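Asks: can't give you the sequence, but here's the structure:
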């Protein structure tokens, strides 16, 4: 497993160079226990993991809590977790890169706060990519509060016949993925 920092990249291949095709994006978080006015409790924060597909800089498709799969079936969201409670990944999205439409060149992993809470209200947030053998390939951990309502975590982009992963880790002002397109275009 590689802990990625902003801007770092890695090829999505096996040790022998074979391109990986089946992946799982896991996103996890906890609410910030000490946040709030004079020690009052933090609100329940409903974060949503999404994958936004682009083709030549334009929105092509997306998968999120209200649209669980892309039209080609290459990206499938497994369901919404509204609290971040529990161990392990709070939201999971399955990705089959072999089924992604040929014109799609970029998939952006987005986390957003549906209720409009800034990401300063969360703690222990991460995004991780796992292969079909359940081996964690890469992890991006959110450190420090983000004063925006959304976070562009990472992107997958075509690299010849394969794909590469690049950690982004930039806050954006977005509550739902359908309003994220303009904010995400700078990362393409």
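Replies: Good, I have the coordinates. Note that the structure is predicted; figures quoted are calculated from it, not measured.
Asks: centroid residue for the protein?
Replies: residue 109 (3.0 Å; C-alpha atoms, centre = their mean).
Asks: That one against residue 25, yeah?
Replies: Yes - using C-beta atoms under 8 Å, residue 109 is in contact with residue 25, at 5.8 Å. Placement of C-beta: from N, CA and C, glycine included.
Asks: list residues touching both of the two?
Replies: Contact criterion C-beta atoms under 8 Å, 6 or more residues apart in numbering; residues shared by residue 109 and residue 25: 49, 51, 93, 127.
Asks: I'd guess residue 186 is in a strand, am I close?
Replies: No - going by DSSP: H, G, I helix; E, B strand; the rest coil, the assignment for residue 186 is helix, not a strand.
Asks: in this structure, which spans are strands?
Replies: Shown for the chain, the strands assigned by DSSP state E span residues 2-3, 9-11, 22-31, 47-55, 58-63, 75-77, 91-96, 106-113, 122-131, 136-141, 150-159, 162-172.
Asks: Spatially nearest residue to residue 127 (excluding sequence neighbours)?
Replies: The spatial neighbour of residue 127 that comes closest, neighbours along the chain excluded (C-beta to C-beta, 6 or more residues apart in numbering), is residue 153 at 4.0 Å.
Asks: which residues touch that neighbour?
Replies: Counted by C-beta under 8 Å, 6+ apart, residue 153 has contacts 27, 109, 110, 111, 127, 140, 142, 167, 168, 169.
Asks: Of these, grab the buried ones for ChimeraX.
Replies: A single ChimeraX command selects the buried members of those (16 or more other C-beta atoms under 10 Å):
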select :27,109,110,111,127,140,142,167,168,169
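Asks: Nearest to residue 10, out of the contacts of residue 153: which one, please.
Replies: residue 167 (8.9 Å; C-beta to C-beta).
Asks: Number of residues surrounding the spatially closest residue to that closest one that is not a sequence neighbour?
Replies: Excluding the flanking residues, the one nearest residue 167 by C-beta to C-beta, 6+ apart is residue 4, at 3.8 Å. Around residue 4 there are 24 other residues, counting by other C-beta atoms under 10 Å.
Asks: What residues sit buried inside stretch 165-176?
Replies: 165, 166, 167, 168, 169, 170, 171, 172, 174, 175, 176.
Asks: what residue ranges in this structure score low on pLDDT?
Replies: Applying pLDDT under 70 to the chain picks out residues 1-2, 30-45, 79-88, 118-123, 142-145.
Asks: repeat that with 80
Replies: For the chain, the stretches with pLDDT under 80 are 1-4, 29-47, 79-90, 113-125, 141-149.
Asks: Next, the contact list for residue 180, please.
Replies: Contacts of residue 180 by C-beta under 8 Å, 6+ apart are 50, 52, 110, 112, 150, 172, 174.
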